[in-house]
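[1] next come a sequence and a model predicted from it.
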There are 2 protein chains.
Amino acid sequence: MDEAAVAPNCLQGVRVLDLSQFEAGPTCTEVLAQLGAEVVKVENPKGGEPGRILGTGPKPGADAYYFMIYNANKKSVTVNLKSPRGLALVREMAAKADVFIENMAPGTIEKLGLGWDELHRINPRLIYAQVKGFGDGSPYEHSLAFDMIAQAAGGNMAITGEAGRRPVRPGPTLGDTGTGMLMAISILAALYQRVTTGKGRRLQVAMQDAQLNYTRGAFVNHARTGKPVVRGGGGFGPPVPPSDIFPCKPGGPNDWIYVFNSHNNPEHWRRMVKVMGRPELADDPDYVDRNKRLEHADEINAMVTAWTQLHTKHDAMKILGDAGIPAGAVFDTGDLLAEPSFESRGIIQRQHHPNGELRMPTFPVRFDGKPPKIAPAPLLGQHTTEVFGSWLGLDEKDVQGLKDDGVI
Amino acid sequence: MDEAAVAPNCLQGVRVLDLSQFEAGPTCTEVLAQLGAEVVKVENPKGGEPGRILGTGPKPGADAYYFMIYNANKKSVTVNLKSPRGLALVREMAAKADVFIENMAPGTIEKLGLGWDELHRINPRLIYAQVKGFGDGSPYEHSLAFDMIAQAAGGNMAITGEAGRRPVRPGPTLGDTGTGMLMAISILAALYQRVTTGKGRRLQVAMQDAQLNYTRGAFVNHARTGKPVVRGGGGFGPPVPPSDIFPCKPGGPNDWIYVFNSHNNPEHWRRMVKVMGRPELADDPDYVDRNKRLEHADEINAMVTAWTQLHTKHDAMKILGDAGIPAGAVFDTGDLLAEPSFESRGIIQRQHHPNGELRMPTFPVRFDGKPPKIAPAPLLGQHTTEVFGSWLGLDEKDVQGLKDDGVI
């Protein structure tokens, strides 16, 4: 239901010149667009940014779902960056922009003459943002990176996986989206500062470095023990049971539920035994104490498993939640898309794109009660005439001339 | 090296009244503090926020490492929220603040008389931010949440784990820190908007909803196939090989490397076979084509394994990276803490706390070349006199009187 969402308009009047591609840069500019900035993607006239063809879309030959999901609410212009006049156009746009962002391979943007020094000289108010795989001065600074490379080298995989088995890649794309979110924070802080100082700033983030922000729990553990975390499926170290994923009816691949009894709150255990029909264990000193419970881990996990296996994950989550026990069913995209409250609350919306529809999550923070409304991702060059008109004062004839000359 | 970091000062003059605890709220206010805001934690005079005693710290009885890592650069005052005069003090502070944030159990803040309606009436410029486990209107809106509950119910666990095996909790604390980062974006956007409008906004995020922002890759996959993702250890679906984690010398639990050959870029494969000493396969039509390579998956994975097993993960990453092949060693906290460039670049810093030292990652974005400098987490009530003086004009005698009366 679209009425569940609104335009928060926080960034009205902010112009973002967006030369980013794939996911790490585009997720950053997408949230800026959803919060009200005018984000203009600058794309190759021949096919656009490579994310447009990453996998299939709503119909053959159309933009990919991948592109649609990471580029909602933006505009698109085409510019041929191999043409000197095209590059001059980008520089003219940079002179009018508030924010510039790119995530090309190391060194590429400088070779194009669009590096920090050059654009800062043209527009000292410009906030200049770069996303790379590895930081300047890192042993890997010239290496390529993708989401999984950052997740491996940034510490995420080492702490993800079952006990005694190989590391696993976390499914959420922290290497990309996780990095994009940290850059969005930084751009907004620099924008706020510019209100007072009138000056832009140079912002740089490496995908590897960004992962460390999300794995700080493992650094806490390392400080405590002097050693890296040992993988355990449900969490770190030997947790006080129950604190793990338990199987549910009818036993499908995602029929599981996470059940957690805080070791700091014995009430969780007292509520748990009532639900499981074992009230005599509520104040049994062999169980209510967290250290004792750890000694009985196998027995307790078997007891919880016997109970969860009698219920579907949805039922189990409702029963445990209502009883005041922290529990989370392992929901997959099918479960999430089937839960009507996500749509009634505006968290999952329909992107009404000319090529077809996509049901997707929006930026999930509510502004005065409602999250940002999703607008369609742009078709390649859809806003070329509009943006060159409003940013640079070009008329339709000018734009046609640039097209005829292969500049855009 | 502390000279590797600076104070970015973006949020100078911004006052944050912080009633949050544990991780989801504190990670949000920590980045605001590192970017220059004055973040004041309001804590229970008896022991402070519960994160202070979560696990061990540098010495017995001192604040936990957990607290130190998520509360750097902040200030602390004590207020007894069970005292009517204490609550009145918090309301006086809210009248002077720019941002208010809390992440208590559902309904608690309203019962204290510190809900949106009340504080918005006192200070219409106040940006009022709340983090909960589940959204208002969700079937689970009254349920408790912790990081793992949000990661289960928000879709992260269903897409994490080995092929044919149980779901796994991603090690990075996306349920907490991931949510906190999205709230930081929203607070900064609202602050920017307030420069023009003069009005505060009400911001709310649910930890479950926030996870959907990080799992959008799985929604792309669902749109393509109509089905939830099938877990595969290294990624989604059947990837074109090599795209997985491979074992390295000497075979320890974290001696692995992620090797990725993009299916869109045949050069990766051509470079890979050269490194492995099989140059004859570079243009073999049975291998260079991505679909053909998928048919030979087992054989290719065995070939890559034979090569990676001859090298340490550090050597393998260097060799592959230098050859232009995307590769990321599975680094654990031991590897990351041992890599000197993180310290020379200011990404990992030493928190010089009166109770002892903690080596920890900072917010990883560089502002004009350097990331934010870490200052110690506050001792309980360390800034009570200072803050009540500068915010409310109280003198030392006033503060002592409040202490004697059990108000603070």
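    Sure, I can see it.

[2] from the chain's centroid, how far away is stretch A:60-78?
    Relative to its chain's centre, stretch A:60-78 lies at 17 Å (CA atoms, centre = their mean, to the nearest Å).

[3] okay, now the unreliable bits of the stretch 101-250 of chain A?
    Scanning the stretch 101-250 of chain A for pLDDT under 70 picks out the ranges A:233-238.

[4] tell me which residues touch the nearest residue to A:Lys199 once chain neighbours are set aside, please.
    In this structure, A:Lys199 finds its nearest non-sequential neighbour in A:Pro124, 6.1 Å apart by CB to CB, 6 or more residues apart in numbering or on different chains. C-beta coordinates here come from the backbone N, C-alpha and C atoms, glycine included. Shown in contact with A:Pro124 (CB atoms under 8 Å, 6 or more residues apart in numbering or on different chains): A:198-200.

[5] what about A:Phe100, which helix or strand?
    Assigning secondary structure by DSSP states H and E places A:Phe100 in strand A:99-102.

[6] give the residue farthest from the middle of chain A.
    A:Glu280 (45.6 Å; CA atoms, centre = their mean).

[7] where's that residue relative to A:Ala302, distance?
    17 Å (CB to CB, to the nearest Å).

[8] related to what we said a few turns ago, helices or strands next to the strand holding A:Phe100 in the packing?
    Strand A:99-102 is packed against strand A:15-19, helix A:24-34, strand A:127-132, helix A:179-197, with contacts defined by 3 or more CB pairs under 8 Å, 6 or more residues apart in numbering or on different chains; DSSP states H and E.

[9] any idea which of the ones you listed is most buried?
    helix A:24-34 (a mean of 29; mean count of other CB atoms under 10 Å in any protein chain shown).

[10] name the next helix or strand downstream of it, please.
    Counting by DSSP H and E, what follows helix A:24-34 is strand A:38-43.

[11] list the contacts of stretch A:136-145.
    Looking at what lies outside stretch A:136-145 - CB under 8 Å, 6+ apart - the contacts are A:105-107, A:132-135, A:149, A:153, A:175, A:204, A:206-208, B:317-318, B:321-322, B:324-328, B:339, B:341, B:344-345.

[12] quick one, what contacts A:Lys227?
    Contacts of A:Lys227 (CB under 8 Å, 6+ apart): B:Gly334.

[13] just A:Trp269 next, same as before
    A:261, A:282, A:287-288, A:293.

[14] who wins for most neighbours among the residues you listed?
    A:Asn261 (26 neighbours; other CB atoms under 10 Å in any protein chain shown).

[15] against chain B, how distant is that residue?
    With distances taken as CB to the nearest CB, to the nearest Å, A:Asn261 is found 11 Å from chain B.

[16] wait, that residue touches A:His268, no?
    Yes - with contact defined as CB atoms under 8 Å, A:Asn261 counts as touching A:His268 (3.9 Å).

[17] mutual contacts of those two, please.
    With CB under 8 Å, 6+ apart as the test, A:Asn261 and A:His268 both reach A:325-326.

[18] what number of residues lie near A:Ser341?
    Close neighbours of A:Ser341, defined as other CB under 10 Å, add up to 16.

[19] should've said A:Asp404
    Neighbours around A:Asp404, by other CB under 10 Å: 9.

[20] how near is it to B:Ala316?
    51 Å.

[21] what does A:Val288 give?
    For A:Val288, the distance to B:Ala316 - CB to CB - is 49 Å.

[22] and A:Lys227, by the same measure?
    23 Å.

[23] can you list the residue ranges for strands in the stretch 151-300 of chain A?
    For the stretch 151-300 of chain A, applying DSSP state E, counting those that start in this stretch gives strands covering A:202-206, A:243-247, A:256-260.

[24] now the angle between strand A:243-247 and the last one, please.
    Put plainly, it is strand A:256-260. If you take axes from the mean of the first three to the mean of the last three CA atoms, to 10 degrees, strand A:256-260 sits at 150 degrees to strand A:243-247.

[25] sitting in helices, which of the contacts of stretch A:136-145 do you find?
    Of the contacts of stretch A:136-145, the ones assigned to helices by DSSP state H are A:149, A:153, A:207-208, B:317-318, B:321-322, B:341, B:344.

[26] quick check: A:Asp335 is in a helix.
    Yes - counting by DSSP: H, G, I helix; E, B strand; the rest coil, A:Asp335 is found in a helix.

[27] give me the number of residues near it?
    17.

[28] now the one 5 residues further on
    Other residues near A:Pro340 number 11, with proximity taken as other CB under 10 Å.

[29] also A:Leu392?
    There are 14 residues near A:Leu392, going by other CB under 10 Å.

[30] quick one: residues contacting it.
    Contacts for A:Leu392 were tallied using CB under 8 Å, 6+ apart; they are A:89, A:92-93, A:96.

[31] for the residue nearest to A:Pro50 when sequence neighbours are not counted, which residues are in contact?
    In this structure, A:Pro50 finds its nearest non-sequential neighbour in A:Gln21, 5.8 Å apart by CB to CB, 6+ apart. Remark: with contacts taken as CB under 8 Å, 6+ apart, A:Gln21 is in contact with A:49-51, A:103-104.

[32] now A:Gly401
    A:Gly401 touches nothing, counting by CB under 8 Å, 6+ apart.

[33] do A:Asp322 as well
    B:Ser143.

[34] quick check, pLDDT for it.
    Note for A:Asp322: predicted pLDDT of 95.

[35] same deal with A:Asn264?
    At A:Asn264, the model reports a pLDDT of 80.

[36] now do A:Met1
    43.

[37] enumerate every residue touching A:Pro170.
    Counting by CB under 8 Å, 6+ apart, A:Pro170 has contacts A:151, A:156-157, A:160, B:156, B:160, B:170-172, B:174.

[38] next, give phi and psi for A:Pro364.
    Dihedral angles of A:Pro364 (phi, psi; degrees, to the nearest 10) stand at phi -90, psi 0.

[39] roughly how far does it sit from chain B?
    Counting by CB to the nearest CB, the gap from A:Pro364 to chain B is 4 Å.

[40] residues near the closest residue to that residue other than its chain neighbours, how many?
    Leaving aside its sequence neighbours, A:Pro364 sits nearest to B:Asp209 (CB to CB, 6+ apart; 3.8 Å). Using other CB under 10 Å, B:Asp209 is surrounded by 32 other residues.

[41] what sits against the residue nearest to the spatial centre of chain A?
    The structure's chain A has its C-alpha centroid closest to A:Thr177; by CA atoms, centre = their mean the separation is 3.2 Å. Contacts of A:Thr177 were listed using CB under 8 Å, 6+ apart, and they are A:23-24, A:27, B:213-214, B:216.

[42] a markdown table for those residues, including distance to B:Leu119?
    Output for the contacts of A:Thr177, formatted as a markdown table (distance: CB to CB, whole Å):
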| residue | distance to B:Leu119 |
| --- | --- |
| A:Glu23 | 38 |
| A:Ala24 | 37 |
| A:Thr27 | 32 |
| B:Asn213 | 27 |
| B:Tyr214 | 30 |
| B:Arg216 | 34 |
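
[43] nearest to A:Ala4 among those?
    For these, the closest approach to A:Ala4 (CB to CB) belongs to B:Asn213, at 16.7 Å.

[44] just the closest of the contacts of A:Trp269 to A:Leu394, please.
    A:Asn261 (64.8 Å).

[45] quick one: contacts for the closest residue to A:Gly135 other than its chain neighbours?
    Closest residue in space to A:Gly135, ignoring its immediate chain neighbours: A:Ala206 at 3.9 Å, by CB to CB, 6+ apart. Applying CB under 8 Å, 6+ apart to A:Ala206 gives the contacts A:131-135, A:138, B:364.

[46] closest to B:Trp116 among those residues?
    Nearest to B:Trp116 among the contacts of A:Ala206, with distances taken as CB to CB, is B:Pro364, at 32.7 Å.

[47] wait, isn't that closest one in contact with B:Pro371?
    Yes - contact between B:Pro364 and B:Pro371 holds when scored by CB under 8 Å: they sit 5.9 Å apart.
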